[in-house]
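A.B. asks: How does the following fold in three dimensions:
(chains A, B and C)
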Amino acid sequence: MKVRLKKVTIVAESLLRTQLLKLLAGQGVTGHTITLAEGSGSRGVRASEWEGRNIQIDTIVDDDTADLLMREIAARFFDHFAVIAYSCDVEVLRGEKFVRPEAP
Amino acid sequence: MKVRLKKVTIVAESLLRTQLLKLLAGQGVTGHTITLAEGSGSRGVRASEWEGRNIQIDTIVDDDTADLLMREIAARFFDHFAVIAYSCDVEVLRGEKFVRPEAP
Amino acid sequence: MKVRLKKVTIVAESLLRTQLLKLLAGQGVTGHTITLAEGSGSRGVRASEWEGRNIQIDTIVDDDTADLLMREIAARFFDHFAVIAYSCDVEVLRGEKFVRPEAP
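C.D. replies: Numbering: from 1, shown residues only, chains lettered A, B, ... in the order given. Below is the predicted model of the structure:
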């Protein structure tokens, strides 16, 4: 009943919200939580872009989807935006619903 | 001095706030953090319930309490509300105070 | 390309914000995310201090920096403030930028 899954966290400027949610939807990810955040980037040259509101998107997915999401986020955003993406192991009760029914 | 514990995260509609905090208190859990969140549920039929504000409750507890909390949340809320509960391993400095003094 | 690092989370009263960010900067930590939170502390005697707004600071660092940060936070704040600090393992895409260039 307890399923080991990945929580993928994406921290980005608010203006990327729609694009990031589309990217998630494109991978069949239908559940997410958004919290508002502020922060300073780890790249000094981009500090100004991090002023104001950022968003943190959390989503729970299986291992393969986590890898796919993170690679796609890197490919699409890392060169031009101050986006951070990381994953961690979580144990989810009734986690079956977070596992994608079909393979990629 | 560094103790391995579980962080239990509960994401739910704001209206469940009091009930969830009572459930935590009933398990002897006295510390928690609440952040405001929004999100879309993973169950399409419930999407409308997820509009507006949700809350994310984080609490750090020992392994047994984590299991108890998650099972109780599942039993009480999963059939009727769009509640998500998951846990992850954390290392806590001076974590002794998060360990319950007496057994369940 | 995927680097295993630590996410250190600090939950504290808002008034400690500047001091905590200075402490991070003093360890060479230049990136962080702040979210607003509320909560009740695990120490009953301090409950009143936890009313109102707290902040949650998340930062991704290498293992040594995580240990240093947490020990310094404990030494400076634990006796006088209701501060919680914990770490968890994360996998970060293009995580190289989170690793400090020089040793402590």
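A.B. asks: what does chain A put close to chain B?
C.D. replies: Proximity of chain A to chain B is confined to A:1-2, A:5, A:7, A:30-36, A:60, A:88-95, A:97-98 under the rule CB under 8 Å from any CB of the partner chain. C-beta here means a position set from N, CA and C on the backbone, and glycine is covered the same way.
A.B. asks: Residues in a beta bridge with residue A:84, which ones?
C.D. replies: Taking DSSP bridges, one obtains residue A:11 as the residues bridged to residue A:84.
A.B. asks: Have a look at chain A and report its longest helix.
C.D. replies: Counting residues, the longest helix in chain A under DSSP state H turns out to be helix A:63-77.
A.B. asks: which of the residues in that one are buried?
C.D. replies: Buried residues in helix A:63-77, defined by neighbour count with 16 or more other CB atoms under 10 Å in any protein chain shown: A:65-70, A:73-74, A:77.
A.B. asks: what do you get for stretch A:25-36?
C.D. replies: Within stretch A:25-36, the residues scored as buried using 16+ other CB under 10 Å are A:27, A:29-36.
A.B. asks: Show me what the lowest-mean-pLDDT helix or strand in chain A is packed up against.
C.D. replies: Within chain A, no helix or strand scores below strand A:32-40, which has a mean of 84 by mean pLDDT, DSSP states H and E. Applying 3 or more CB pairs under 8 Å, 6 or more residues apart in numbering or on different chains; DSSP states H and E, one finds that strand A:32-40 makes contact with helix A:17-26, strand A:54-61, strand B:32-40, strand B:54-61, strand C:32-40.
A.B. asks: ok, residues contacting the last one?
C.D. replies: Applying CB atoms under 8 Å, 6 or more residues apart in numbering or on different chains, the external contacts of strand C:32-40 come out as A:11, A:35-40, A:54, A:56, B:30-36, C:11, C:14, C:17, C:21, C:24, C:47, C:50-59.
A.B. asks: Let's have the helices and strands packed on strand A:32-40 in CSV, adding distance to residue B:83.
C.D. replies: CSV is the format used below for these (distance: least, CB to CB, whole Å):
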stretch, distance to residue B:83
helix A:17-26, 21
strand A:54-61, 13
strand B:32-40, 12
strand B:54-61, 10
strand C:32-40, 19
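A.B. asks: Now residue A:90, what are its backbone angles?
C.D. replies: Taking degrees, to the nearest 10, you get phi -130, psi 150 for the backbone angles of residue A:90.
A.B. asks: Kindly state the pLDDT recorded for it?
C.D. replies: Reported pLDDT at residue A:90 in the predicted model: 97.
A.B. asks: just checking, it touches residue A:9?
C.D. replies: No: under the contact definition of CB atoms under 8 Å, residue A:90 does not touch residue A:9, with a separation of 10.8 Å.
A.B. asks: shared neighbours of the two, anything?
C.D. replies: Where contact means CB under 8 Å, 6+ apart, no residue is in contact with each of residue A:90 and residue A:9.
A.B. asks: By proximity to chain B, which residue of chain A wins?
C.D. replies: Chain A approaches chain B most closely through residue A:31 (3.2 Å), counting by CB to the nearest CB.
A.B. asks: ok, residue A:37 to residue A:92 distance?
C.D. replies: From residue A:37 over to residue A:92 the distance is 23 Å, taken as CB to CB, to the nearest Å.
A.B. asks: if you count what's nearby, which of these two comes out ahead?
C.D. replies: Looking at residue A:37 and residue A:92 with other CB atoms under 10 Å in any protein chain shown, you find the greater number of neighbours at residue A:92, namely 24 against 21.
A.B. asks: Is the more buried one in a helix, a strand, or coil?
C.D. replies: Of the three states, residue A:92 takes strand under DSSP: H, G, I helix; E, B strand; the rest coil.
A.B. asks: quick one on the thing from earlier: what does the longest helix of chain A contact?
C.D. replies: In this structure, residues lying in contact with helix A:63-77 by CB under 8 Å, 6+ apart are A:5-6, A:8, A:10, A:12, A:16, A:19-20, A:23-24, A:27-29, A:59, A:61, A:83, A:85-87, A:100, A:103-104, C:1-2, C:93-94.
A.B. asks: Please save the CA atoms from it in PDB.
C.D. replies: These are the backbone C-alpha positions of helix A:63-77, laid out as PDB (Å, rounded to 0.1, in the frame of the first residue of the first chain):
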ATOM      1  CA  ASP A  63      11.300   6.900 -11.300                       C
ATOM      2  CA  ASP A  64      11.200   6.900 -15.100                       C
ATOM      3  CA  THR A  65       8.900   9.900 -15.300                       C
ATOM      4  CA  ALA A  66      11.200  11.700 -12.800                       C
ATOM      5  CA  ASP A  67      14.200  11.200 -15.100                       C
ATOM      6  CA  LEU A  68      12.200  12.200 -18.200                       C
ATOM      7  CA  LEU A  69      10.900  15.400 -16.500                       C
ATOM      8  CA  MET A  70      14.300  16.500 -15.200                       C
ATOM      9  CA  ARG A  71      16.000  15.800 -18.500                       C
ATOM     10  CA  GLU A  72      13.300  17.700 -20.500                       C
ATOM     11  CA  ILE A  73      13.400  20.700 -18.000                       C
ATOM     12  CA  ALA A  74      17.200  20.800 -18.400                       C
ATOM     13  CA  ALA A  75      17.000  20.700 -22.200                       C
ATOM     14  CA  ARG A  76      14.400  23.400 -22.500                       C
ATOM     15  CA  PHE A  77      15.100  25.800 -19.700                       C
END
